[in-house]
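Undergrad: Predicted model follows, preceded by the sequence.
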Amino acid sequence: MKLSPGPVIIFAAGITLSLFLSLFLRDWKQSEIQQIFEQKAQNRLALFKLDIIRHEEIVSSIVRLFNSSERVTREEFRVFTMDALAPHHTVQGLSWNPLIRHEQRQEVRNDIRRDGMVDFQFTELNDNGKLNIAPDKDSYIIVNYIEPQAENIKVMGFNIASNKTRLDAINRARDTGNAVITESIKLIQTNKKGYLLFKAVYEKGKQLNTISARRNHFKGLAVGIFQFENWMEHALENIKPVGIDIWLSDLSAEKKEEFFHFFSSRTRTIKFEPTAEDYHERIKGLHWQEVVNVLGREWVFHFTPTGNYLKQQSYWESWATFFGGLFFTLVLSFYMHSKARYVNKLKESKRVLTIARNEANLANEFKSQFLSRMSHELRTPMNAVLGFGQMLDMNSEGFSEIQKDNVKEIMKAGEHLMSLINELLDLSRIEAGKMNVTLTAVSVDDVIKECASLIAPQLKTLNLEFINAVDESYIVKADFIRLKQILLNLLSNAVKYNCKDGKITLTSEISANNLLRISVTDTGEGLTEKELGKLFVSFERMNKTESIGGAGIGLVITKYLVELMGGNIGVNSVPGKGSTFWIEIALCDSIQITGST
């Protein structure tokens, strides 16, 4: 029996169309899975980057400790590092490794033994990887202070310059003055892989403009010891494991030494020890990687999924389309299946959006918690620094001019850092939705007078002319403290970004929407269109020079406070001529005025 062409054409068309749609949906699904996987990998990489910054800051704080004192005792080092180690479980140890000349060896050994370490010796590794007494050399860089001492006692007295891997990094740290890390090494105290972070300490008050000068005045190294397994495990402890393995490679190392660590997903129930073949096989499928410059070394963070992660990724849409078209070639059946696929795709898209939103909220919460905790933790020691600085300032009669200048620098730096800490606290309150204002009748003139008195020393230093052309009679509906904070921030910026012998002008007018507009105009360099676009973005600084301080969040806080009081903020700027920042605040008819307290 001869078949009519109609059913044959419909059947052939149905199979062709089903196959085409199946392949299309499979490609779309693969792209979507790749995007979700990349987002998860990027979230994890962001945490590692943040930890690396913390590691460098911890070691830098030890450098600052030694730069601030003529001599740091073992007990002072222990107390200082105890505070640094407490919140950072990723740190294996912190140490002070001084440069010791051969003629000092006997004296240093005896001093350390008198500190209670009666068996102390200068040590080095022999060819079998065992610690032996170090032979005589011209100089040594030994582990003198280390905390926590009990967990790292094995390396006390170890001459880190005796090992080529460590010595290469030591020389770079000494010659550049920058923080430097070693390539992957086996830690002596744990026999596990990790890395050392070095930062050089030099003799105080010396010029260090050349490599030769840095070598001549080199005193020793502040060292951070980090074990890969502990670091990566603690860095990810607040992220739910989903089945992602992490491979670390060092492009700065020799080819055969590039791959140096594998961090197995916490979802694995059986320990997985990868081989080089496993690595090359994995990167053929779903994966994501990024090259990161880690203090001078090029590390590759490579993320691959586990088998269970891949099993959870479904391609059912493409198969449903194919078999639907195979068995139902009629237009109505095809339409119904297409509609069902559309609904399912919509649900999947909503699920992906929900996951992305939740992860974004979690990341933002982590950031806010970090800012809040770090700011609170920093305020206590900063209050102590400022307190001692004030005591030194009040009792400086017998000080030399250099010592008096140093006290002033301590106070200036401390007050600047406290200002940054307060800004970070404000930012964390804003992001947590906990910033409130109390709107009352406020005299604009009172606010301006208080702000003018606060910036008067800066105006005098830069010989800036301050012109207040705001009518004294204006009363606005605002929070006195926050309005003062807003105007003080705008005036401080006008001072910082002004030119010497310049001018700052305060003017006012009633805007078209019946709000009081207060404008702050400076005669600085002005802003370009590109810079204007970044003004109200967190941590974006418009500094023309690094000498201008700030964290880049003052205007963000200012904008939020203005809008919280129902006002507006804006800026007009001409490059080379200066900028005008303005705010608009509602006028108030009340005569009961709120002032400073």
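TA: Yes, it's here. Numbers count the residues shown, from 1 in each chain.

Undergrad: Give me the helix or strand of this protein that scores worst on average pLDDT.
TA: strand 593-594 (a mean of 52; mean pLDDT, DSSP states H and E).

Undergrad: Next, count neighbours for residue 301.
TA: Other residues near residue 301 number 21, with proximity taken as other C-beta atoms under 10 Å. C-beta coordinates here come from the backbone N, C-alpha and C atoms, glycine included.

Undergrad: quick one: it and residue 42 touch, right?
TA: No - contact between residue 301 and residue 42 fails when scored by C-beta atoms under 8 Å: they sit 9.9 Å apart.

Undergrad: joint contacts of these two?
TA: Counting by C-beta atoms under 8 Å, 6 or more residues apart in numbering, the contacts common to residue 301 and residue 42 are residue 290.

Undergrad: Could I have the CA atoms of stretch 443-460 written out in CSV?
TA: Coordinates of each C-alpha in stretch 443-460 appear next as CSV, following Å, rounded to 0.1, in the frame of the first residue of the first chain:
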residue,chain,number,x,y,z
SER,A,443,19.0,76.6,62.0
VAL,A,444,21.2,76.3,59.0
ASP,A,445,23.4,79.2,60.3
ASP,A,446,24.1,77.2,63.5
VAL,A,447,25.2,74.2,61.5
ILE,A,448,27.4,76.2,59.2
LYS,A,449,29.1,78.0,62.1
GLU,A,450,30.0,74.7,63.8
CYS,A,451,31.3,73.2,60.6
ALA,A,452,33.4,76.4,59.9
SER,A,453,35.1,76.2,63.3
LEU,A,454,36.0,72.5,62.6
ILE,A,455,37.7,73.2,59.3
ALA,A,456,39.3,76.4,60.3
PRO,A,457,42.8,74.8,61.0
GLN,A,458,42.7,73.2,57.5
LEU,A,459,41.7,76.5,55.9
LYS,A,460,44.6,78.2,57.6
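
Undergrad: Residues contacting that stretch, please?
TA: Applying C-beta under 8 Å, 6+ apart, the external contacts of stretch 443-460 come out as 464-466, 468, 470, 472-476, 480, 483-484, 487-488, 491-492, 495, 504, 506, 508, 516, 518, 593, 595-596.

Undergrad: ditto for stretch 262-274
TA: 228-229, 232-233, 236, 241-248, 306, 308-309.

Undergrad: Is it possible to mark the buried ones in the contacts of stretch 443-460?
TA: When the contacts of stretch 443-460 are checked for burial by 16 or more other C-beta atoms under 10 Å, the buried set is 464, 470, 474-476, 480, 483-484, 487-488, 491-492, 495, 504, 506, 508, 516, 518.

Undergrad: Counting only strands, which of the residues you listed make the cut?
TA: Applying DSSP state E to the buried ones among the contacts of stretch 443-460, the entries found in strands are 475-476, 504, 506, 508, 516, 518.

Undergrad: Looking at the residues you listed, which is nearest residue 439?
TA: Set against residue 439, the nearest of those by C-beta to C-beta is residue 476 (9.3 Å).

Undergrad: Tell me the bridge partners for the closest residue to that closest one other than its chain neighbours.
TA: Sequence neighbours aside, residue 585 is the residue nearest to residue 476 in space, at 4.4 Å (criterion: C-beta to C-beta, 6 or more residues apart in numbering). Beta-bridge pairing of residue 585 under DSSP bridges involves residue 516.

Undergrad: if I pick the closest residue to residue 243 other than its chain neighbours, what's in contact with it?
TA: Nearest residue to residue 243, sequence neighbours excluded (C-beta to C-beta, 6+ apart): residue 309, at 3.3 Å. Listed by C-beta under 8 Å, 6+ apart, the contact set of residue 309 reads 242-244, 265, 267.

Undergrad: ok, and the most crowded of these?
TA: Neighbours here are counted as other C-beta under 10 Å. On that basis the top member of those is residue 244, with 23 neighbours.

Undergrad: Torsion angles phi and psi at it?
TA: Recorded main-chain torsions at residue 244 are phi -120, psi 120, according to degrees, to the nearest 10.

Undergrad: list the contacts for it?
TA: Applying C-beta under 8 Å, 6+ apart to residue 244 gives the contacts 37, 40-41, 44, 265, 303-306, 309.
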